[in-house]
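Engineer: Predicted model follows, preceded by the sequence.
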Amino acid sequence: DGGITQSPKYLFRKEGQNVTLSCEQNLNHDAMYWYRQDPGQGLRLIYYSQIVNDFQKGDIAEGYSVSREKKESFPLTVTSAQKNPTAFYLCASLEGAGANVLTFGAGSRLTVL
Amino acid sequence: AQSVSQHNHHVILSEAASLELGCNYSYGGTVNLFWYVQYPGQHLQLLLKYFSGDPLVKGIKGFEAEFIKSKFSFNLRKPSVQWSDTAEYFCAVYSGGGYNKLIFGAGTRLAVHP
């Protein structure tokens, strides 16, 4: 089955630790996105990548970093600089020019203790 | 700045009740409009979309939405909800410039009681 796999599903970390969330897609999609979902705030864009080896900051990039070394992979690192990292993180992808519907992964819930 | 407003954060209904979830956006030009749904423990998935043409759009599971340009609205409706419709619903608006510009509403959490 084609889709987006996010791991881990649940993650607990202590304050001050960096955490990396995995996002892998086998859809051969060009563009990938990371969103943060908080209750009552909808989805906010953290980073996105439209092509391998290139990525751009979204609306709330501070305290996060990404890489896009392979087309199918777009990992997100939540650094210790992120002031409020506890959230639900969603990865999405888009096929390419002319495509218009995002495909989402199941999400990763990060809790910082 | 463009924005998307969903009128209700929480809605509680009994089975067979009718549903209407409001969505208003602030952009005055051409838009693509979406409703996404997130069932408990599942992926966020597309419910329906509007790009052009008939402003009444039908989606999966008996949902429909009506685009009213003059009101900047894209309300989601279902005549008779089921317990399985319990989920969180997100309205989203795209006005061009790359899908990094897709803006989501805050979401409406729907609980349907049997």
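Structural biologist: Ah, there it is. Numbers count the residues shown, from 1 in each chain, chains lettered A, B, ... in the order given.
Engineer: Give me the nearest residue to the residue nearest the centre of chain A, chain neighbours excluded.
Structural biologist: Central residue of chain A (CA atoms, centre = their mean): residue A:34, 3.0 Å from the mean position. Distances taken as CB to CB, 6 or more residues apart in numbering or on different chains put residue A:46 closest to residue A:34, at 4.3 Å, once the chain neighbours are dropped. In short, each C-beta sits where N, CA and C put it, glycine included.
Engineer: Ramachandran angles for that neighbour?
Structural biologist: phi -100, psi -60 (degrees, to the nearest 10).
Engineer: Help me confirm that it comes into contact with residue A:63.
Structural biologist: No. The criterion here is CB atoms under 8 Å, and residue A:46 misses it with residue A:63 at 9.2 Å.
Engineer: quick one: which of those two has more around it?
Structural biologist: residue A:46 (26 against 15; other CB atoms under 10 Å in any protein chain shown).
Engineer: Check what pLDDT the more buried one gets.
Structural biologist: As predicted, residue A:46 sits at a pLDDT of 96.
Engineer: Tell me how far the residue nearest to residue A:34 lies from chain B.
Structural biologist: Using CB to the nearest CB, to the nearest Å, residue A:46 is found at 11 Å from chain B.
Engineer: cool, and residue A:74?
Structural biologist: 13 Å.
Engineer: I'd say that residue and residue A:92 touch.
Structural biologist: No. Counting by CB under 8 Å, residue A:74 does not reach residue A:92; the two are 9.6 Å apart.
Engineer: hey, what's in contact with both of the two?
Structural biologist: A:32, A:34 (CB atoms under 8 Å, 6 or more residues apart in numbering or on different chains).
Engineer: Mind telling me what element the residue nearest to the centre of chain A is part of?
Structural biologist: For residue A:34, the host element (DSSP states H and E) is strand A:31-38.
Engineer: Parallel or antiparallel, which strands does that strand pair with?
Structural biologist: strand A:42-51 (antiparallel), strand A:87-94 (antiparallel) (DSSP bridges).
Engineer: Need the residues that contact that strand.
Structural biologist: Counting by CB under 8 Å, 6+ apart, A:23, A:25, A:43-51, A:58, A:60, A:64, A:66, A:68, A:74, A:76, A:87-96, A:102, A:107, B:99-100, B:104 sit against strand A:31-38.
Engineer: for it, which positions count as buried?
Structural biologist: A:31-37 (16 or more other CB atoms under 10 Å in any protein chain shown).
Engineer: what about the nearest residue to residue B:59 once chain neighbours are set aside, distance to chain A?
Structural biologist: Once flanking residues are discounted, residue B:59 sits nearest to residue B:48: 2.7 Å by CB to CB, 6+ apart. According to CB to the nearest CB, residue B:48 stands 11 Å off from chain A.
Engineer: Could you list the buried residues of the helix or strand that contains residue B:48?
Structural biologist: Here residue B:48 sits within strand B:44-50, counting by DSSP H and E. The neighbour-count check on strand B:44-50 (16+ other CB under 10 Å) flags B:44, B:46-50 as buried.
Engineer: Contacts (any at all) between chain B and stretch A:52-66?
Structural biologist: Yes. Counting by CB under 8 Å from any CB of the partner chain, contacts between stretch A:52-66 and chain B involve A:56, A:58.
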